[in-house]
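> Structure of the sequence below:
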Amino acid sequence: MKILVPIKRVVDYNVKVRPLGDNSNVDLNNVKMSVNPFCEIALEEAVRVKESGKASEVIAISIGKTESQEQLRTALALGADRAILVECDSLLEPLALAKVLAKVVNDESPDLIILGKQAIDGDNNQTGQMLGAILDLPQATNASELIIEDGAVSVTREIDGGLQTLKLTTPAIVTTDLRLNEPRYASLPNIMKAKKKELKVIPLADTGVDASPRTELLNVELPAAREAGIMVDSVEQLVDKLKNEAKVIS
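Predicted structure coming up:
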């Protein structure tokens with residue numbers, strides 16, 4: 001079994017992002033960048049499947065600028081066998097990402113595509129579903145458990161009021177939720193080994209995909225500051241303020 005894991009370069013989750021001075025975009029100057037946390041979970045699951053003997057190869061792929069090679073090297077250090085970078089100068093929208101991934105899937109013919117359910121920068125939660133629609137493949141989203149048996153993939157996912165288990169025939173697409181696993185850390189020996197693993201760079205133009213944006217970013221600004229809370233002396237005073245000031249009860 002061959003597993004393809006798309007990963008994305010994002011601002012590290014510990015960094016508090018700020019807009020540029022002209023509010024045209026997020027300020028990325030001297031900001032720490034990392035692998036998207038949901039993508040780390042997807043990669044960890046793929047590596048675990050390989051370590052269990054149920055997969056022969058794990059391929060990490062990213063779509064972005066040259067700097068994304070850093071995150072792909074991290075993926076290689078975490079257990080991926082080889083990596084692919086589809087190089088482009090701009091941040092692509094989910095539909096364009098899905099189209100590029102579909103092209104790579106057609107070239108690589110993986111049995112399973114595991115990707116994070118969303119990226120923490122855009123929070124769109126769209127790429128996996130769009131990829132499934134384009135390729136017309138079975139898919140399970142928000143996976144909290146993944147089991148591979150007899151060439152089929154059983155996925156447990158959390159839904160309102162309980163758990164749902166789906167059985168997919170391969171090739172299939174799975175998007176990962178936070179509860180699926182706890183990603184490992186890359187050891188120093190594996191970081192050194194990752195430098196010798198294959199990392200193939202493909203220009204976006206070579207894929208033949210139209211990646212033109214469908215939306216326009218107008219501005220980026222911080223959320224409005226919240227007013228400080230107040231202390232009340234009684235339940236009656238609280239109810240009065242909720243009713244007459246906040247107007248959240250009648």
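> Number of residues surrounding residue 202?
The number of residues packed near residue 202 is 18, by other CB atoms under 10 Å. All C-beta spots, glycine's among them, are computed from the backbone N, C-alpha and C.
> For it, which residues are in contact?
Residue 202 makes contacts with 84, 85, 86, 87, as judged by CB atoms under 8 Å, 6 or more residues apart in numbering.
> at 7 Å what do you get?
84, 86, 87 (CB atoms under 7 Å, 6 or more residues apart in numbering).
> Mind checking which of these land in strands?
Among the contacts of residue 202, the members found in strands (DSSP state E) are 84, 86, 87.
> residue contacts, the second one?
Remark: with contacts taken as CB under 7 Å, 6+ apart, residue 86 is in contact with 63, 100, 202, 204, 207.
> so which of those is the most crowded?
In terms of neighbour count, residue 63 stands highest of these at 27 neighbours, by other CB under 10 Å.
> Phi, psi for residue 187 please.
Residue 187 adopts backbone torsions of phi -80, psi 160, taken as degrees, to the nearest 10.
> quick one: it from residue 194, how far?
Using CB to CB, to the nearest Å, residue 187 is found at 10 Å from residue 194.
> Next secondary structure after the longest strand along the chain?
Determined from DSSP E, the single longest strand within the chain is strand 139-149. Sequence order places strand 152-159 as the next helix or strand after strand 139-149, per DSSP states H and E.
> Report the angle between the following helix or strand past that following strand and strand 152-159.
Going down the chain from strand 152-159, the next helix or strand is strand 162-169, by DSSP H and E. Per axes from the mean of the first three to the mean of the last three CA atoms, to 10 degrees, the angle that strand 162-169 makes with strand 152-159 is 160 degrees.
> same for the helix or strand that strand 162-169 is followed by, what does it pack against?
Proceeding N to C from strand 162-169, the next assigned helix or strand is strand 172-176, under DSSP H and E. The contact analysis (3 or more CB pairs under 7 Å, 6 or more residues apart in numbering; DSSP states H and E) places strand 172-176 against helix 37-51, strand 112-116, helix 127-135, strand 139-149, strand 152-159.
> Give me the distance between strand 172-176 and the centre of its chain.
Centroid separation for strand 172-176 versus its chain: 11 Å, with CA atoms, centre = their mean, to the nearest Å.
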